[in-house]
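Student: Any chance you could fold what I've pasted below:
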Amino acid sequence: MILTRKLWDYVTDKQVALDATILKKAKFEPDLEDRKLAFFVEVAEFIKEWRDEVKWWSVKPNDNGAIIEEAIDCKHFAAGIRLVRDFGGNMYEVIRNTHDNYELTYGKLETAKDVRKVLRQLQRTDHETEALAVIVYLLEHLGFTEADLKAAYDAKNAENYQRVATGY
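Tutor: Numbering: from 1, shown residues only. Alright, predicted model coming up:
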(Lines give C-alpha, C1' and ligand atoms only; values in the text may rest on other atoms or scores of the structure.)
Protein backbone atom coordinates (compact mmCIF):
# COMPACT_ATOMS: atom_id res chain seq x y z
CA MET A 1 0.00 0.00 0.00
CA ILE A 2 1.39 3.39 -1.00
CA LEU A 3 0.00 5.02 2.16
CA THR A 4 2.61 3.65 4.54
CA ARG A 5 2.50 3.91 8.31
CA LYS A 6 5.38 6.38 8.14
CA LEU A 7 3.51 8.60 5.67
CA TRP A 8 0.25 8.33 7.65
CA ASP A 9 2.05 9.43 10.83
CA TYR A 10 3.74 12.26 8.92
CA VAL A 11 0.42 13.51 7.54
CA THR A 12 -1.27 13.24 10.92
CA ASP A 13 1.51 15.15 12.68
CA LYS A 14 1.36 17.88 10.04
CA GLN A 15 -2.42 18.01 10.38
CA VAL A 16 -2.19 18.65 14.12
CA ALA A 17 -0.13 21.77 13.40
CA LEU A 18 -2.35 22.89 10.51
CA ASP A 19 -5.53 22.40 12.54
CA ALA A 20 -4.12 24.50 15.37
CA THR A 21 -3.39 27.29 12.90
CA ILE A 22 -6.79 27.06 11.22
CA LEU A 23 -8.72 26.97 14.50
CA LYS A 24 -7.17 30.26 15.62
CA LYS A 25 -9.19 31.98 12.87
CA ALA A 26 -12.07 29.55 12.36
CA LYS A 27 -15.72 30.57 12.73
CA PHE A 28 -16.31 27.57 14.98
CA GLU A 29 -14.50 24.51 16.25
CA PRO A 30 -15.63 21.51 14.22
CA ASP A 31 -16.82 18.42 16.02
CA LEU A 32 -16.57 14.90 14.64
CA GLU A 33 -19.74 15.21 12.53
CA ASP A 34 -18.56 18.53 11.04
CA ARG A 35 -15.25 16.93 10.09
CA LYS A 36 -16.95 13.88 8.60
CA LEU A 37 -19.25 16.11 6.53
CA ALA A 38 -16.27 18.03 5.17
CA PHE A 39 -14.45 14.75 4.46
CA PHE A 40 -17.33 13.30 2.45
CA VAL A 41 -17.70 16.55 0.47
CA GLU A 42 -14.07 16.02 -0.54
CA VAL A 43 -14.75 12.37 -1.37
CA ALA A 44 -17.49 13.53 -3.77
CA GLU A 45 -15.03 15.95 -5.37
CA PHE A 46 -12.50 13.11 -5.72
CA ILE A 47 -15.11 10.97 -7.49
CA LYS A 48 -16.06 13.88 -9.75
CA GLU A 49 -12.50 14.03 -11.10
CA TRP A 50 -12.74 10.52 -12.61
CA ARG A 51 -14.08 11.97 -15.86
CA ASP A 52 -13.41 8.88 -18.01
CA GLU A 53 -15.33 6.63 -15.63
CA VAL A 54 -18.09 8.94 -14.36
CA LYS A 55 -18.88 11.60 -16.97
CA TRP A 56 -20.04 9.68 -20.01
CA TRP A 57 -21.15 12.95 -21.63
CA SER A 58 -17.69 14.54 -21.48
CA VAL A 59 -14.84 14.03 -23.93
CA LYS A 60 -12.25 15.52 -21.57
CA PRO A 61 -9.93 12.85 -20.14
CA ASN A 62 -9.06 12.28 -16.50
CA ASP A 63 -6.64 14.80 -15.04
CA ASN A 64 -4.46 12.75 -12.70
CA GLY A 65 -3.15 15.94 -11.09
CA ALA A 66 -6.68 16.92 -10.10
CA ILE A 67 -7.40 13.38 -8.89
CA ILE A 68 -4.40 13.28 -6.55
CA GLU A 69 -5.12 16.82 -5.33
CA GLU A 70 -8.64 15.79 -4.31
CA ALA A 71 -7.23 12.63 -2.72
CA ILE A 72 -4.88 14.79 -0.65
CA ASP A 73 -7.82 16.92 0.47
CA CYS A 74 -9.49 13.71 1.64
CA LYS A 75 -6.32 12.71 3.50
CA HIS A 76 -6.25 16.11 5.23
CA PHE A 77 -9.77 15.66 6.50
CA ALA A 78 -9.26 12.01 7.44
CA ALA A 79 -6.25 13.01 9.52
CA GLY A 80 -8.38 15.76 11.07
CA ILE A 81 -11.02 13.18 11.99
CA ARG A 82 -8.34 11.17 13.73
CA LEU A 83 -7.64 14.21 15.92
CA VAL A 84 -11.13 14.12 17.43
CA ARG A 85 -12.15 10.47 17.18
CA ASP A 86 -10.66 7.74 19.29
CA PHE A 87 -9.61 4.83 17.10
CA GLY A 88 -7.58 3.32 19.91
CA GLY A 89 -4.47 4.33 18.00
CA ASN A 90 -5.26 1.99 15.13
CA MET A 91 -6.93 4.07 12.41
CA TYR A 92 -4.03 3.29 10.09
CA GLU A 93 -4.43 -0.45 10.63
CA VAL A 94 -8.15 -0.22 9.83
CA ILE A 95 -7.33 1.65 6.60
CA ARG A 96 -4.63 -0.85 5.67
CA ASN A 97 -6.83 -3.90 6.34
CA THR A 98 -9.71 -2.38 4.36
CA HIS A 99 -7.34 -1.58 1.49
CA ASP A 100 -6.06 -5.16 1.51
CA ASN A 101 -9.65 -6.46 1.42
CA TYR A 102 -10.37 -4.30 -1.64
CA GLU A 103 -7.27 -5.68 -3.34
CA LEU A 104 -8.47 -9.21 -2.67
CA THR A 105 -12.02 -8.47 -3.76
CA TYR A 106 -11.38 -6.38 -6.88
CA GLY A 107 -7.79 -7.25 -7.83
CA LYS A 108 -6.23 -5.28 -10.65
CA LEU A 109 -8.65 -2.77 -12.13
CA GLU A 110 -8.39 -3.46 -15.85
CA THR A 111 -11.33 -1.58 -17.34
CA ALA A 112 -13.27 1.61 -16.77
CA LYS A 113 -16.18 -0.60 -15.69
CA ASP A 114 -13.96 -2.12 -12.95
CA VAL A 115 -13.06 1.37 -11.75
CA ARG A 116 -16.72 2.43 -11.76
CA LYS A 117 -17.59 -0.50 -9.48
CA VAL A 118 -15.05 0.71 -6.95
CA LEU A 119 -16.13 4.36 -7.33
CA ARG A 120 -19.73 3.33 -6.67
CA GLN A 121 -18.65 1.54 -3.52
CA LEU A 122 -16.73 4.63 -2.45
CA GLN A 123 -19.81 6.76 -3.04
CA ARG A 124 -21.94 4.43 -0.90
CA THR A 125 -19.70 4.14 2.14
CA ASP A 126 -20.24 6.21 5.25
CA HIS A 127 -17.02 5.09 6.92
CA GLU A 128 -14.09 7.44 6.53
CA THR A 129 -11.57 4.65 6.99
CA GLU A 130 -13.12 2.63 4.15
CA ALA A 131 -13.31 5.71 1.94
CA LEU A 132 -9.64 6.55 2.47
CA ALA A 133 -8.62 2.95 1.83
CA VAL A 134 -10.54 2.97 -1.46
CA ILE A 135 -9.00 6.29 -2.47
CA VAL A 136 -5.52 4.89 -1.90
CA TYR A 137 -6.44 1.75 -3.86
CA LEU A 138 -7.63 3.89 -6.77
CA LEU A 139 -4.47 6.03 -6.68
CA GLU A 140 -2.41 2.86 -6.91
CA HIS A 141 -4.45 1.89 -9.98
CA LEU A 142 -3.26 5.14 -11.60
CA GLY A 143 0.35 4.32 -10.74
CA PHE A 144 0.92 6.84 -7.97
CA THR A 145 3.66 6.08 -5.43
CA GLU A 146 4.29 6.89 -1.79
CA ALA A 147 6.68 9.64 -2.95
CA ASP A 148 3.94 11.11 -5.15
CA LEU A 149 1.55 11.17 -2.19
CA LYS A 150 4.09 12.86 0.07
CA ALA A 151 5.00 15.48 -2.54
CA ALA A 152 1.33 16.23 -3.25
CA TYR A 153 0.58 16.40 0.47
CA ASP A 154 3.47 18.78 1.15
CA ALA A 155 2.38 21.06 -1.70
CA LYS A 156 -1.23 21.10 -0.50
CA ASN A 157 -0.18 21.65 3.10
CA ALA A 158 1.87 24.69 2.06
CA GLU A 159 -1.09 25.96 0.03
CA ASN A 160 -3.38 25.54 3.05
CA TYR A 161 -1.04 27.60 5.25
CA GLN A 162 -1.01 30.28 2.55
CA ARG A 163 -4.82 30.22 2.45
CA VAL A 164 -5.00 30.69 6.24
CA ALA A 165 -2.56 33.61 6.01
CA THR A 166 -4.61 35.32 3.29
CA GLY A 167 -8.04 34.75 4.86
CA TYR A 168 -9.33 32.06 2.51
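Student: nearest residue to the most centrally placed residue in the chain other than its sequence neighbours?
Tutor: In the chain, the residue lying closest to the centroid (C-alpha atoms, centre = their mean) is residue 74, at 2.9 Å. Nearest residue to residue 74 in three dimensions, chain neighbours excluded: residue 42, at 4.7 Å (C-beta to C-beta, 6 or more residues apart in numbering). Just so you know, the C-beta spots here come from the backbone N, C-alpha and C atoms, and that holds for glycine as well.
Student: So that neighbour is in contact with residue 78, correct?
Tutor: No. Applying C-beta atoms under 8 Å, one finds residue 42 not in contact with residue 78, separated by 9.0 Å.
Student: which one of the two has more residues nearby?
Tutor: Higher neighbour count among residue 42 and residue 78: residue 78, with 27 against 21, using other C-beta atoms under 10 Å.
Student: could you measure the more buried one against residue 141, distance?
Tutor: 19 Å (C-beta to C-beta, to the nearest Å).
Student: again with residue 93
Tutor: Residue 93 is 22 Å from residue 141, where distance means C-beta to C-beta.
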